[in-house]
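A.B. asks: Turn this into a structure:
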Amino acid sequence: MRSQPTAQERKPNPYPRRLYLIFAGLALVSTIGLDYRTARRGEKAYFFPSRTVRTEAVITPVPLADALRRFLEASGVPSPWFEGLEPEDGSPRIVVRLPREDYASLERRLERELRNKRAAVKKEEGREEELASYSWRITGEKQEHLTLVFALLEPRKEVPPSPPGSRVAIIIDDMGTSLEALKEICDLGQPITISILPHSLYAGETARIAHQNGLEVMMHLPGESLNHEEGNSQTPGLIRSGMGKEDVISLVEEGLSRVPYAEGVNNHMGSKITQEEPVMRPILDLIKSRGLYFLDSRTTSESIAFDLARKMGLRAAYRNIFLDSTVGTDFSKQKIIDLLLLSQREGTAIAIGHPFPETLRALRENLRLLKEYGVKPVFASAIIPK
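C.D. replies: Numbers count the residues shown, from 1 in each chain. Here you go, the predicted model:
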């Protein structure tokens, strides 16, 4: 039998102590590593100084039209002086009305701004609503296209004398959706002409109330637009390009049946169909047969509707000024003044507005200028030649 070793013969086992040391070392290394990663993220660390994390800013390119609007506003051109019009070729078109002397000081700075943006510019002289103008056709670095028109206002120190018989007609389009707006127009106590969408909710009631209050009524005939796809798809009774004669006549007749007391017709949208004689001719034939007049809203400068109507022997005219292409009371006030000045120069002028609260407020606050400018307000039928 083997005897047990004595205490002197027993030796301590070194392995557990070594394992403890190894585990402690690994824990320390892990802690230092995690602390280093924390410092790299820019968070609070104990062994290393924090490092600011750099993030790359995502820069969204600003559309050329927006960039130019910002530049003009920064140059002191009030935003109510801008007017965005329905583009003829799918590219934005902005009209800016400003005094001639302001244009002279703005021109060089704008040219420099466009060079910095690597945009190409082609300028043309012309006229915009009877005002001298410069048309800038701009092509951006990324093939963005934009037309910027400067209509130059002559300095006015006093109201010029009005020739005898100067008259204006103000038409409010898109009526039939709000009886409250109709009441506001009736309360103006002026010979306003209202144009009613035939398929609007209150079309018939609006026509009857307007007639009872001595206002003139028109039918606002919906027509296909070149650029308003949403309007094309959501407007009932829309006359489209390529429609057959019978379908066109049916839609016009139905529209007139929904708008009693109508004395004339003007187009709602319609920048596409007013360029097409096969569509416009049956419309104008029917209007003529009913003894009504036609007013071309001129939603595009390429419209042939007015010229065709006159060739057909129809009483016809066209819109001179939009009161609210840009919504705003100050903008509409300036457009009312432009309307009065045009009437003083030409003898007559026609404006179209919409029942926006800002437009109705501008009319309410500024129709007093009619007397100041010596211009008489009349219904559309009184201006349209026989």
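A.B. asks: residues of stretch 347-357 that come out buried?
C.D. replies: Residues of stretch 347-357 classed as buried under the neighbour-count rule (16 or more other CB atoms under 10 Å) are Thr348, Ala349, Ile350, Ala351, Ile352, Gly353, His354, Pro355, Phe356. (C-beta placed from N, C-alpha, C; glycine too.)
A.B. asks: closest to Thr300 among the residues you listed?
C.D. replies: Closest approach to Thr300 among these (CB to CB): Ile352, at 14.0 Å.
A.B. asks: Would you verify that that closest one is located in a strand?
C.D. replies: Yes: remark: Ile352 belongs to a strand, assigned using DSSP: H, G, I helix; E, B strand; the rest coil.
A.B. asks: Tell me which stretches of the stretch 251-386 of the chain form helices.
C.D. replies: When assigned using DSSP state H, counting those that start in this stretch, the helices of the stretch 251-386 of the chain occupy the ranges 277-289, 305-311, 329-346, 357-366, 369-373, 380-383.
A.B. asks: Give me whichever of those helices is most buried.
C.D. replies: Scoring the helices of the stretch 251-386 of the chain by mean neighbour count under mean count of other CB atoms under 10 Å gives helix 329-346 as the most buried, with a mean of 21.
A.B. asks: now the helices of the stretch 251-386 of the chain as TSV including distance to Ser195 and mean pLDDT?
C.D. replies: Output for the helices of the stretch 251-386 of the chain, formatted as TSV (distance: least, CB to CB, whole Å; pLDDT from 0 to 100):
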stretch	distance to Ser195	mean pLDDT
helix 277-289	14	98
helix 305-311	15	97
helix 329-346	17	93
helix 357-366	14	95
helix 369-373	21	93
helix 380-383	9	96
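A.B. asks: Quick one: closest of those helices to Thr193.
C.D. replies: Of all the helices of the stretch 251-386 of the chain, the one in closest proximity to Thr193, counting by CB to CB, is helix 380-383 (4.4 Å).
A.B. asks: From the contact counts, what lies against that closest one?
C.D. replies: Counting by 3 or more CB pairs under 8 Å, 6 or more residues apart in numbering; DSSP states H and E, the packing neighbours recorded for helix 380-383 are strand 167-175, strand 216-223, strand 262-269, strand 293-296, strand 348-353.
A.B. asks: Which other helices and strands does the shortest one contact?
C.D. replies: Applying 3+ CB pairs under 8 Å, 6+ apart, we find strand 293-296 packed against strand 262-269, helix 277-289, helix 305-311, strand 316-318, helix 380-383.
A.B. asks: For the buried residues of stretch 347-357, name the two members farthest from one another.
C.D. replies: Of all pairs in those, the most separated under CB to CB is Thr348 and Phe356 at 24.9 Å.
A.B. asks: Quick check: what element follows the lowest-mean-pLDDT helix or strand in the chain along the chain?
C.D. replies: The helix or strand of the chain with the poorest confidence is strand 82-85; it has a mean of 55 (mean pLDDT, DSSP states H and E). Sequence order places strand 93-99 as the next helix or strand after strand 82-85, per DSSP states H and E.
A.B. asks: Alpha carbons only: can I get that next one in PDB?
C.D. replies: Extracted in PDB, the C-alpha atoms of strand 93-99 (Å, rounded to 0.1, in the frame of the first residue of the first chain):
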ATOM      1  CA  ARG A  93     -42.900  80.500 -67.700                       C
ATOM      2  CA  ILE A  94     -42.700  83.300 -65.200                       C
ATOM      3  CA  VAL A  95     -43.700  86.900 -65.800                       C
ATOM      4  CA  VAL A  96     -42.200  89.600 -63.600                       C
ATOM      5  CA  ARG A  97     -43.600  93.100 -63.700                       C
ATOM      6  CA  LEU A  98     -41.200  95.800 -62.500                       C
ATOM      7  CA  PRO A  99     -40.300  99.400 -63.300                       C
END
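A.B. asks: who does it pair up with?
C.D. replies: Listed by DSSP bridges, the sheet partners of strand 93-99 and their directions read strand 82-85 (antiparallel), strand 145-153 (parallel).
A.B. asks: what ranges do the helices span in the stretch 101-250 of the chain?
C.D. replies: Ranges of helices in the stretch 101-250 of the chain, per DSSP H, counting those that start in this stretch, are 179-187, 203-212, 229-234, 245-258.
A.B. asks: Mean neighbour count, mean pLDDT and distance to Phe150 for these - can I get that in a markdown table?
C.D. replies: Formatted as a markdown table, the entries for the helices of the stretch 101-250 of the chain read as follows, by neighbours: other CB atoms under 10 Å; pLDDT from 0 to 100; distance: least, CB to CB, whole Å:
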| stretch | mean neighbour count | mean pLDDT | distance to Phe150 |
| --- | --- | --- | --- |
| helix 179-187 | 16 | 97 | 33 |
| helix 203-212 | 18 | 97 | 39 |
| helix 229-234 | 11 | 88 | 29 |
| helix 245-258 | 16 | 98 | 39 |
